[in-house]
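**Student:** next comes the sequence, and after it the predicted model I'd like to discuss.
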Amino acid sequence: MWKPILHNINARLASWKGRLLSIRGRLCLIKSVLSNLPIYFLSLFPMLAAIAASIEKKFRSFLWSEKEGGKNICNVRWSIISLPKNDDGLGIGSLRDKNKALMFKWLWRFGSEESSMWKDVINNIYNTKCSSIILKYPIAGTGSTWSRIVNH
């Protein structure tokens, strides 16, 4: 399911010449383009830790390498770089945190919107009439995206 995102990231990285850019330029491309490519998927599907690690590894490699496909010594740990700017990071952010936030947004919308067609569809599919933001009973169908959102 995540192959199109990985392919898009690889295609973007292949077309950019990282060695011609400063670290600021590479950071700008990571923050503005690469970290926003998977936003739609992040809002709908839970991201596996292995996928997030793979994508962030590509980000790290692009940020620190002087030549294409080359390796360079990382000057700062990625956990520090991904912190918000207020916390002395560079503001890239964690893909797993973005994924959780975007998926919880659906749960918040489910509890806060009074009448919407998508909410009626979810209620009919899962046979639930719960309108609170925190559901009291787990929804059946543990394989679906909606049940993963609600049951986490």
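**Tutor:** Everything's here; your move.
**Student:** show me the chain divided up by domain.
**Tutor:** If you go by automatic domain parsing, the domain ranges for the chain are 3-95, 113-151.
**Student:** so which of these is nearest residue 105?
**Tutor:** Nearest to residue 105 among the domains of the chain is domain 3-95 (7.2 Å), distances taken as Cβ to Cβ. Placement of C-beta: from N, CA and C, glycine included.
**Student:** packing partners for the longest helix along the chain?
**Tutor:** Longest helix of the chain, by residue count under DSSP state H: helix 95-112. Secondary-structure packing of helix 95-112 (3 or more Cβ pairs under 8 Å, 6 or more residues apart in numbering; DSSP states H and E): helix 39-44, helix 49-64, helix 117-126, helix 145-151.
**Student:** output the second one as PDB, nothing but the C-alphas.
**Tutor:** Listed in PDB are the C-alpha atoms of helix 49-64, where the atom choice follows Å, rounded to 0.1, in the frame of the first residue of the first chain:
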ATOM      1  CA  ALA A  49       7.200   1.600  12.000                       C
ATOM      2  CA  ALA A  50       9.300   0.000   9.400                       C
ATOM      3  CA  ILE A  51       7.900   2.200   6.600                       C
ATOM      4  CA  ALA A  52       8.400   5.300   8.700                       C
ATOM      5  CA  ALA A  53      11.900   4.300   9.500                       C
ATOM      6  CA  SER A  54      12.600   3.600   5.800                       C
ATOM      7  CA  ILE A  55      11.300   7.000   4.700                       C
ATOM      8  CA  GLU A  56      13.100   8.900   7.500                       C
ATOM      9  CA  LYS A  57      16.300   7.000   6.500                       C
ATOM     10  CA  LYS A  58      16.000   8.500   3.000                       C
ATOM     11  CA  PHE A  59      15.500  11.900   4.500                       C
ATOM     12  CA  ARG A  60      18.600  11.500   6.700                       C
ATOM     13  CA  SER A  61      20.600  10.300   3.800                       C
ATOM     14  CA  PHE A  62      19.600  13.200   1.600                       C
ATOM     15  CA  LEU A  63      20.200  15.800   4.300                       C
ATOM     16  CA  TRP A  64      23.700  14.600   5.200                       C
END
